[in-house]
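Colleague: Here's a sequence, model it:
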Amino acid sequence: MSGSSSGIIVGIVILILDRVLKALSTKYLLTKDIVIGNGLLRLTHVRNPGAAFGFLPSQRGLIIFVSILALIFIIRLFRKVSYKNLYFSIGFWVLIAGILGNLFDRIFLGYVIDYVQILNSPIFNISDIAILIGMAIILFFS
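Modeller: Just a heads-up that it's a prediction; the model follows:
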């Protein structure tokens, strides 16, 4: 299996996991949080109308526009860069999956569903993690 194929599969798995976990959050965490390890981990349901950490909460259109621009920029950059490196390819598709996961929520729901909090961190979701990990992999293997 080529690096690009492996990356695409990882990206698809992340997108599916993102949708499933957001659906489970909506179904089971709307009225009650789950706290694990005396507050080490909290599963909750938050509707974030803004960007990361609730930034620009009333700018849905702007955030969608910037997300689409970021996707276009990243895809164009990826096409120019040789992606024979398996890790670079996986990082690229993980990043794309994260952006698409949150973009889907913004377009179709008007907000992003967040559901995980570690200690007193901001509440986040799998797409947020994918964006961070994807960027880190790309930067490390560039």
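Colleague: Ranking helices and strands of the protein by mean pLDDT, which lands last?
Modeller: When the helices and strands of the chain are compared on mean pLDDT, DSSP states H and E, helix 60-80 comes out lowest with a mean of 85.
Colleague: Which is the succeeding secondary structure element to it?
Modeller: On the C-terminal side of helix 60-80, the nearest following helix or strand under DSSP states H and E is helix 86-108.
Colleague: could you give the mean pLDDT of the helix or strand that that next one is followed by?
Modeller: Per DSSP H and E, the first helix or strand lying C-terminal to helix 86-108 is strand 112-118. Averaging the model's pLDDT scores along strand 112-118 yields 95.
Colleague: which helices and strands does whichever helix or strand comes after strand 112-118 pack with?
Modeller: Using DSSP H and E, the helix or strand that follows strand 112-118 towards the C-terminus is helix 126-140. Judged by 3 or more Cβ pairs under 8 Å, 6 or more residues apart in numbering; DSSP states H and E, the packing partners of helix 126-140 are helix 3-28, helix 86-108. The C-beta positions use only the backbone N, C-alpha and C, and glycine is treated the same way.
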